[in-house]
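J.: predicted model follows, preceded by the sequence.
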Amino acid sequence: MTRRRLLAVAALLLTLLAVVNAVGFVVDKPEDAFGVLLTFSLAVIAAGYGLVRRGIVRVIALVLAGMLLLGVVEVLLDRRVLERLIIAGMFWLAVAAAAAAFAVHVALPKAKRPWRPVLFLNPRSGGGKAERFKLADEARKRGIEPIELGPGDDLATLVKTAVDEGADALAMAGGDGSQAVVAAAAAELELPYACIPSGTRNHFALDLGVNRDDVVGALDAFVDGGERVVDLAEVNGRVFVNNVSLGLYATAVQRDGYRNAKLRTILGTLPDVLGPRGQPPDLQWTGPRDAKSYPSGTVLLVSNNRYRLGAMPGSGTRPRIDEGELGIAVVESPPDSRWRRLLPRRPWRQWSAPDFEVRSGEPVPAGIDGEATVLTAPLRFRSRPAVLRVRIAPGHPGASPSATRPDSIWQGLRALASIAAGRSALPDPSQTNRR
């Protein structure tokens with residue numbers, strides 16, 4: 001039996017055991033189960049109320065939410081602690097085994113080694129990863145010329161100069177904003193590009209299938225790596241590799257101190273956007289199935305291909321970056337009716353389109369690949385399909401971690417059962433889904 005089949009069998013058995021034990025807990029102590037559900041729901045409501053207020057009201061609401069959550073923990077740990085910890089552990093192990101069963105490694109077609117590859121590196125990105133991993137020295141060992149960004153240097157100018165002097169492949173070691181600059185140049189000049197994950201979060205690298213924990217190994221993309229072709233996207237002519245955020249997050253990014261205190265800045269922005277006296281952004285967009293104009297909601301996210309959202313494993317990543325479409329997600333504002341706010345509902349809507357427009361009567365704050373900027377309305381987004389030739393090291397996955405993961409729990413269980421039975425259930429991430 002293969003490793004993947006063993007992992008699938010383990011995931012299914014652990015899930016079954018965890019569910020049986022959880023049902024036994026509910027049947028044995030239904031009053032405890034009901035109390036936990038009710039108390040947790042009240043805690044969520046109190047926390048939501050407090051986050052969009054200021055001053056003493058916020059403090060009281062958040063303290064109340066914390067006390068309610070402590071009550072949940074007390075009920076869960078009051079009796080049969082070991083049994084409940086075992087149930088939680090089985091669920092965790094089941095998720096881990098399923099994730100391993102769906103792990104992907106794509107054998108990309110081998111690409112010709114470039115004659116004069118150039119690596120641009122930002123020494124300040126990711127807390128100084130370039131220096132810590134000695135990327136300049138490692139690049140030279142592989143025949144790659146390193147060019148370090150200094151204070152005041154313009155990255156686009158450095159790239160143009162390097163190409164004029166004969167560079168035939170471009171790599172960037174830095175954050176996603178810098179990746180977009182170099183990727184845009186590589187796409188325009190039809191040169192191969194490599195993403196070196198030396199930024200803070202390296203979202204683009206993750207969705208490309210680059211191992212973010214192997215910063216030095218990513219340089220092997222220009223030694224014996226494979227090649228895949230992916231999309232880029234742009235807004236008002238500016239290229240981005242991940243997404244453009246409008247609304248709450250974009251407002252927070254503009255504020256002083258965001259870089260040093262991100263969570264505190266976002267929490268401080270919530271009442272300004274969602275509170276009783278909040279001012280939602282002046283944004284309008286057209287829905288996917290009608291010509292009706294809608295307000296923006298709390299957050300509007302336009303991405304280079306669709307993100308997976310929700311509670312499933314792989315959430316927050318893009319299964320593919322080669323479908324030739326934008327991903328559009330709108331987080332809805334809370335309903336006007338207090339009673340409707342208590343009803344369970346999915347807080348976002350999501351769809352894909354090759355282009356998208358956002359209208360406004362004023363300049364629009366935006367976060368483009370995490371960098372603060374202000375755009376002139378209207379904001380015209382469009383996908384640029386199959387424009388970027390990406391090189392990826394042979395030891396790296398070569399596809400997004402969510403490329404083969406199902407979209408729902410039911411689909412996941414069916415896929416695990418199929419794998420356990422010896423039937424192939426994983427899609428091939430090397431095959432594009434272009435319509």
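T.: Happy to help now that I have it.
J.: and the longest strand along the chain, what does it pack against?
T.: Ranked by residue count under DSSP state E, the longest strand found in the chain is strand 379-392. Contacts defined by 3 or more CB pairs under 8 Å, 6 or more residues apart in numbering; DSSP states H and E place strand 379-392 against helix 176-189, strand 193-196, helix 221-224, strand 226-235, strand 243-247, strand 326-331, strand 355-359. Where C-beta positions appear, they are placed from N, C-alpha and C, glycine not excepted.
J.: using CSV, write out every CA atom in that strand.
T.: Provided in CSV are the C-alpha atoms of strand 379-392 (Å, rounded to 0.1, in the frame of the first residue of the first chain):
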residue,chain,number,x,y,z
LEU,A,379,-10.4,51.2,-10.9
ARG,A,380,-10.2,49.0,-13.9
PHE,A,381,-8.9,45.5,-13.2
ARG,A,382,-8.0,42.9,-15.8
SER,A,383,-6.4,39.5,-15.9
ARG,A,384,-3.3,39.0,-18.1
PRO,A,385,-3.4,35.3,-18.9
ALA,A,386,-0.3,33.1,-19.5
VAL,A,387,2.2,35.9,-19.6
LEU,A,388,4.8,34.9,-17.0
ARG,A,389,7.3,32.0,-17.5
VAL,A,390,8.1,30.8,-13.9
ARG,A,391,11.1,28.6,-13.1
ILE,A,392,10.8,26.4,-10.0
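J.: is it correct that Gly370 is in contact with Gly174?
T.: No. Using CB atoms under 8 Å, Gly370 is not in contact with Gly174; the gap is 11.9 Å.
J.: and the residue nearest to Arg382 when sequence neighbours are not counted, how many neighbours does it have?
T.: Leaving aside its chain neighbours, Arg382 sits nearest to Asp355 (4.4 Å; criterion: CB to CB, 6 or more residues apart in numbering). Per other CB atoms under 10 Å, the neighbour tally for Asp355 reads 11.
J.: what's the answer for Glu74, then?
T.: Around Glu74 there are 10 residues (other CB under 10 Å).
J.: Gly370 and Gly174: which is more packed in?
T.: More neighbours surround Gly174 than the other of Gly370 and Gly174, with 27 against 18 (other CB under 10 Å).
J.: nearest residue to that one other than its sequence neighbours?
T.: Once flanking residues are discounted, Gly174 sits nearest to Asn122: 3.6 Å by CB to CB, 6+ apart.
J.: wouldn't the residue nearest to Arg382 be in contact with Phe381 here?
T.: Yes. Assessed by CB under 8 Å, Asp355 is found in contact with Phe381 at 6.2 Å.
J.: between these two, which contacts overlap?
T.: Leu326 (CB atoms under 8 Å, 6 or more residues apart in numbering).
J.: please name the residues that touch Trp351.
T.: 288, 328.
J.: before we move on, back to that, got the phi and psi for the residue nearest to Gly174?
T.: Asn122 adopts backbone torsions of phi -100, psi 110, taken as degrees, to the nearest 10.
J.: same question for Ala8.
T.: When read as degrees, to the nearest 10, the backbone of Ala8 gives phi -60, psi -40.
J.: how many neighbours does it have?
T.: 26.
J.: same question, Phe204
T.: Phe204 has 26 nearby residues by other CB under 10 Å.
J.: equivalent analysis for the one 3 residues further on, please.
T.: Applying the criterion other CB under 10 Å, we find 27 residues in the vicinity of Asp207.
J.: cool, and the one 4 residues further on?
T.: Residues lying near Asn211 (other CB under 10 Å) number 18.
J.: and it, helix, strand or coil?
T.: Three-state assignment for Asn211 (DSSP: H, G, I helix; E, B strand; the rest coil): coil.
J.: could I get the pLDDT score of the closest residue to it other than its chain neighbours?
T.: Among residues not flanking Asn211 along the chain, His396 sits closest, at 4.5 Å (CB to CB, 6+ apart). Per-residue pLDDT puts His396 at 96.
J.: wait, His396 sits on Leu219?
T.: No. Using CB under 8 Å, His396 and Leu219 do not qualify as a contacting pair, with a distance of 11.2 Å.
J.: tell me, what's touching those two both at once?
T.: Contacts common to His396 and Leu219, judged by CB under 8 Å, 6+ apart, are absent.
J.: quick one: secondary structure of the residue most central in space within the chain?
T.: The centroid of the chain falls nearest to Gly316 when counting by CA atoms, centre = their mean (3.4 Å). At Gly316 the chain is in coil, as set by three-state DSSP.
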